[in-house]
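*Asks:* compute the structure for the input listed below.
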Amino acid sequence: MRSPVSSRTSSRPWEVRLVLLAMLATFLVSAVTDLGELRAQFLLRHQGLYIDDLVISGVAGMVGFAFVAWRRSRLLRCELQRNARIDRELRETTERYRSLFDYHPSAVFSLDLEGRFTSVNAAAEQISGFRAGKLVGMSFTDLLPPDELVRTLHTFALLVAREPQQFEIGFQHQSGRTVALRITGLPIIVGDDVVGVFAIAEDVTQHNLMQTALDEARRTAEEASTAKSLFLATMSHEIRTPLTSMLAAVEMLDFEDLEPSQRHLTDIMDRQGRALLRLVEEILDFSRIEAGVIDLERIDLDLGDLLEEVMSLHSPAAADKGVEVSAQVEPGTAVLLTGDPVRLGQVLSNLVANAVKFTDAGWVRVLVSQDPDPLRPVIRFRVADSGIGVSAEQQAHLFDTFQQADSSITRRFGGTGLGLAICRQLVAAMGGTIELRSTPGEGSTFTVTVPLEHRLAASA
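*Replies:* Reported below is the predicted structural model:
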């Protein structure tokens, strides 16, 4: 590889100039000395000056000569130091370039304007399979498959037109196999002229194969997920239809004059049937969310009515366990809003149901407040309980699908672990957040923050 810096010539223009300057200084000093002697003789002959004047005049001439010589020598020394520094910097730059070129892990090469290789590094030899002596002078078109020729020639023309390029091509290895290269090409500009092209090429054959495999695996996983969601939706619908009819029949039986033992059985059927119906609804919601077909409404809602409905659903179960349930809306909170009351009620109902389920004795409280934003209210729901609590390690996975705190929770309290995962996705779809703060043995607090709109602003 030729060095990018030409060797210096033996004589430099600045050295010639310095020699000429030294000769001129010597001539000037000699002339000044001669003039001083002539002036002294003239004064002695015509004006009768004392010998002291001659001495002073001679000393002045010598001082002037010494000053001129010192100044010239100082300038010469500075010039020599500056040129030595420039030479050192040029050598260091050359060595850096050579190291970068020789030891770069990717193939580095240069082309002339005809597309012939003018220099290559060791990595270029390895990628192509050709030795440097074979590559230098060869046209890059000789190493391209026929289907890559037109596109690559167009890219080379853009490089020569001073437009840097990044592109991928198929490159023909000496063994005959095709290597995928990702190339960064740059024009080589000397003065105002483009004299060639410089390029760095990375072998991305294995990367492309892995990416193709990943894309295929992703498509397979998406197809499997779609099939699973379709199966869950179909089966859930098929289960819900007869289950709804059964619950209706049990409700009609409640109007009959039943014996206590018979009414006890109908109560069990109704309670377990509704639990099964909630499970089916959760599976349906999960499949809809996964399929991305969950739709949110923007209709009028009243926070007071929403809380009353949620509390009425879970107060009986709380009363059976001796758990006190309460709800409060802080003063200054907007209650007439616009949003999706069904989905918001579903989130709150799930959180209250969990709080009642995991609290054996104590209390469950729902507190509603509003962040100070007069244009678009941000409503904050806090559902707190004095139940069993959740450890920090368990909290990290509590919102994941099919997750509960531990296996003993499922055995003791039941449930699928879908409820909180659905809550998180519904809250995210509404543009809000859901958080949990809990201490084992001291209870938990779920905080849901949802941006809503004033009913009047939405109507306008």
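*Asks:* residue 113 sits in which helix or strand?
*Replies:* Element membership for residue 113 (DSSP states H and E) is empty, with no helix or strand holding it.
*Asks:* got the phi and psi for it?
*Replies:* phi -70, psi -10 (degrees, to the nearest 10).
*Asks:* do residue 386 as well
*Replies:* Torsion angles, degrees, to the nearest 10, at residue 386: phi -110, psi 40.
*Asks:* all helices of this protein, in order?
*Replies:* 13-46, 51-103, 122-128, 132-135, 149-160, 205-253, 260-291, 303-321, 341-357, 392-395, 407-413, 419-429, 455-459 (DSSP state H).
*Asks:* of all those helices, which lies closest to residue 335?
*Replies:* helix 303-321 (4.2 Å; C-beta to C-beta). For the C-beta atoms, the positions are set from N, CA and C on the backbone; glycine is no exception.
*Asks:* which helices and strands does that closest one pack with?
*Replies:* Other helices and strands packing on helix 303-321, by 3 or more C-beta pairs under 8 Å, 6 or more residues apart in numbering; DSSP states H and E, are strand 323-329, helix 341-357, strand 362-371.
*Asks:* show me what the second one is packed against.
*Replies:* Where contact means 3+ C-beta pairs under 8 Å, 6+ apart, helix 341-357 is packed against strand 299-302, helix 303-321, strand 323-329, strand 362-371, strand 378-385, helix 419-429, strand 443-451.
*Asks:* and the second one, C-alpha only, in CSV?
*Replies:* To tie it back to what came earlier, the one meant is helix 303-321. Taking Å, rounded to 0.1, in the frame of the first residue of the first chain, the C-alpha atoms of helix 303-321 are listed here in CSV:
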residue,chain,number,x,y,z
LEU,A,303,-68.4,9.6,39.3
GLY,A,304,-70.9,9.5,42.1
ASP,A,305,-73.1,7.0,40.2
LEU,A,306,-70.1,5.0,39.2
LEU,A,307,-68.8,4.6,42.7
GLU,A,308,-72.3,3.8,44.0
GLU,A,309,-72.7,1.0,41.5
VAL,A,310,-69.2,-0.5,42.2
MET,A,311,-69.8,-0.4,46.0
SER,A,312,-73.2,-2.0,45.7
LEU,A,313,-71.7,-5.0,43.8
HIS,A,314,-69.1,-5.8,46.5
SER,A,315,-70.7,-4.6,49.8
PRO,A,316,-72.6,-7.9,50.3
ALA,A,317,-69.4,-10.0,50.1
ALA,A,318,-67.6,-7.5,52.4
ALA,A,319,-70.4,-7.6,54.9
ASP,A,320,-70.3,-11.4,55.0
LYS,A,321,-66.6,-11.2,56.0
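*Asks:* ok, how many other residues are close to residue 129?
*Replies:* Using other C-beta atoms under 10 Å, residue 129 has 16 other residues around it.
*Asks:* ok, it - contacts?
*Replies:* Listed by C-beta atoms under 8 Å, 6 or more residues apart in numbering, the contact partners of residue 129 are 173-175.
*Asks:* let's go with 10 Å and repeat that
*Replies:* 135, 143, 172-177, 179 (C-beta atoms under 10 Å, 6 or more residues apart in numbering).
*Asks:* quick one on the thing from earlier: which one of the helices and strands packed on helix 341-357 lies closest to residue 257?
*Replies:* The nearest among these, by C-beta to C-beta, is helix 303-321 at 23.5 Å.
*Asks:* list the buried residues in the closest one.
*Replies:* Within helix 303-321, the residues scored as buried using 16 or more other C-beta atoms under 10 Å are 303, 306-307, 310-311, 314-315, 318.
*Asks:* same question, stretch 196-208
*Replies:* In stretch 196-208, counting by 16+ other C-beta under 10 Å, buried: 196-205.
*Asks:* and it, how far out from the chain's middle?
*Replies:* Computed by C-alpha atoms, centre = their mean, to the nearest Å, the chain-centroid distance of stretch 196-208 equals 24 Å.
*Asks:* cool, and stretch 257-269?
*Replies:* Worked out by C-alpha atoms, centre = their mean, stretch 257-269 lies 62 Å from the chain centre.
*Asks:* list of residues touching it?
*Replies:* The contact list for stretch 257-269 (C-beta under 10 Å, 6+ apart) reads 246-247, 249-254, 256.
*Asks:* 7 Å - rerun?
*Replies:* The contact list for stretch 257-269, computed with C-beta atoms under 7 Å, 6 or more residues apart in numbering, reads 250, 253-254.
*Asks:* and the top strand by length along the chain, what does it pack onto?
*Replies:* As assigned by DSSP state E, the longest strand anywhere in the chain is strand 178-190. Using 3 or more C-beta pairs under 7 Å, 6 or more residues apart in numbering; DSSP states H and E, the elements in contact with strand 178-190 are helix 149-160, strand 165-172, strand 193-203, helix 205-253.
*Asks:* list the buried ones in the first one?
*Replies:* Burial within helix 149-160, assessed by neighbour count using 16+ other C-beta under 10 Å, is assigned to 152, 155-156, 159-160.
*Asks:* pLDDT and distance to residue 81 added to the residues you listed, as JSON lines?
*Replies:* As requested, the buried residues of helix 149-160 are exported to JSON lines (pLDDT from 0 to 100; distance: C-beta to C-beta, whole Å):
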{"residue": "152", "pLDDT": "92", "distance to residue 81": "50"}
{"residue": "155", "pLDDT": "93", "distance to residue 81": "47"}
{"residue": "156", "pLDDT": "93", "distance to residue 81": "45"}
{"residue": "159", "pLDDT": "93", "distance to residue 81": "41"}
{"residue": "160", "pLDDT": "93", "distance to residue 81": "42"}
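*Asks:* between the residues you listed, which sits nearest residue 368?
*Replies:* The closest of those, once distances to residue 368 are taken by C-beta to C-beta, is residue 155, at 62.7 Å.
*Asks:* so that closest one touches residue 166, yeah?
*Replies:* No - assessed by C-beta atoms under 7 Å, residue 155 is found out of contact with residue 166, at 9.6 Å.
*Asks:* so who does the residue nearest to residue 105 when sequence neighbours are not counted touch?
*Replies:* Leaving out its chain neighbours, the residue that sits closest to residue 105 by C-beta to C-beta, 6 or more residues apart in numbering is residue 123, at 6.1 Å. Neighbour list for residue 123: 104-108 [criterion: C-beta under 7 Å, 6+ apart].
*Asks:* give the ChimeraX command for selecting the buried subset of these.
*Replies:* Filtering the contacts of residue 123 down to the buried ones (16+ other C-beta under 10 Å) takes a single ChimeraX command:
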select :106,107,108
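*Asks:* shouldn't residue 246 be in contact with residue 273?
*Replies:* Yes - assessed by C-beta under 7 Å, residue 246 is found in contact with residue 273 at 5.9 Å.
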